[in-house]
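> what follows is a predicted protein model with its sequence.
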Amino acid sequence: MPRAYPPLTSQEVVAILQALGFQFLRHGRGDHDIYVRRTSQRAYTVTVDMGENEFDAFLLQSMIKQAGVSRATFYNATPPTARKIGK
């Protein structure tokens, strides 16, 4: 049975965010990059630590919540990450 939140690299997370319509906003402190997606109701901001090799379940849950999407939508945004959850 696949894990609920399979680990992802920072490059995979960035690809997912771009597929979901997020755009690079700016570099934050240290290795952090900030991505934003604006809708008519609000703006969603996701911070990605580009120095991390792999994100654990806790950080992935946090980024999914920041993105304002479901786990399934997040992982299914790109074919390589969809395969990680068995889709």
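Good, I have the coordinates. Numbering: from 1, shown residues only.

> helices of this structure, start to end?
Using DSSP state H, the helices found in the chain span residues 10-19, 57-67, 71-75, 79-84.

> for these, which one sits closest to Asp49?
Closest approach to Asp49 among these is made by helix 10-19 (6.7 Å; Cβ to Cβ). The C-beta positions use only the backbone N, C-alpha and C, and glycine is treated the same way.

> got the angle between the closest one and helix 57-67?
20 degrees (axes from the mean of the first three to the mean of the last three Cα atoms, to 10 degrees).

> what does helix 10-19 rub up against?
8, 33, 35, 37, 46, 48-52, 55, 63, 67, 74-75, 77-78, 80-81 (Cβ atoms under 8 Å, 6 or more residues apart in numbering).

> one more time with 10 Å, if that's ok
6, 8-9, 22-24, 31, 33, 35-37, 44, 46, 48-55, 59-60, 63-64, 66-67, 69, 73-82, 84 (Cβ atoms under 10 Å, 6 or more residues apart in numbering).

> show me the residue sitting in the middle of this protein in space.
Taking Cα atoms, centre = their mean, the centroid of the chain lies closest to Val13, which sits 4.1 Å from it.

> which residue comes closest to Gly68 once chain neighbours are left out?
Tyr44 (4.6 Å; Cβ to Cβ, 6 or more residues apart in numbering).

> typed the wrong thing, it's Pro6
Spatial nearest neighbour of Pro6, chain neighbours left out: Lys84 (4.2 Å); criterion: Cβ to Cβ, 6+ apart.

> measure the one you found to Phe22 for me?
19 Å (Cβ to Cβ, to the nearest Å).

> neighbours of Val69, how many?
Val69: 19 surrounding residues under other Cβ atoms under 10 Å.

> dump the residue contacts of it.
Ile16, Leu17, Leu20, Arg37, Tyr44, Met63, Tyr75, Asn76, Ala77.
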